[in-house]
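Novice: sequence and computational prediction follow.
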Amino acid sequence: MDDREIEAVALAFYNVTEGSRGWHREPERLKAKFRSEARAAIAAIDEIREMAVSVDQQDLIPVPRGIDRQKKAK
């Protein structure tokens, strides 16, 4: 995650806040709060994407015949 992503998400969160006066006019401590929330949101999305990639990669691993990959372990 880079600073541009964090700033874009923080600004998006700020813009849906009722009573927003303009990002450039807000105190730094308020911007820091939105940036912290943006980092958490981006991290959550990254985690979901990593899980999706690992599931997709399972299809690349050869499975011997007769083994059902979809069967849940007991």
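Specialist: On my side now, so go ahead.
Novice: can you give me the helices in this structure?
Specialist: Taking DSSP state H as the test, the helices found in the chain are 3-15, 28-58.
Novice: out of the ones you listed, which comes closest to residue 22?
Specialist: With distances scored as C-beta to C-beta, the stretch of those nearest to residue 22 is helix 3-15 (9.3 Å). No exception for glycine: its C-beta is placed from N, CA and C like everyone else's.
Novice: now do that closest one: distance to the chain's middle.
Specialist: 13 Å (C-alpha atoms, centre = their mean, to the nearest Å).
Novice: alpha carbons of that helix, as CSV, please.
Specialist: These are the backbone C-alpha positions of helix 3-15, laid out as CSV (Å, rounded to 0.1, in the frame of the first residue of the first chain):
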residue,chain,number,x,y,z
ASP,A,3,0.7,6.9,0.3
ARG,A,4,-1.4,7.7,-2.8
GLU,A,5,-3.8,4.8,-2.1
ILE,A,6,-4.0,5.8,1.6
GLU,A,7,-4.7,9.4,0.8
ALA,A,8,-7.3,8.5,-1.9
VAL,A,9,-9.2,6.2,0.5
ALA,A,10,-9.0,8.6,3.4
LEU,A,11,-10.4,11.4,1.2
ALA,A,12,-13.2,9.2,0.0
PHE,A,13,-14.1,8.4,3.6
TYR,A,14,-13.9,12.0,4.5
ASN,A,15,-16.1,13.1,1.6
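Novice: that helix versus helix 28-58: what angle between them?
Specialist: An angle of 120 degrees separates the directions of helix 3-15 and helix 28-58 when computed by axes from the mean of the first three to the mean of the last three C-alpha atoms, to 10 degrees.
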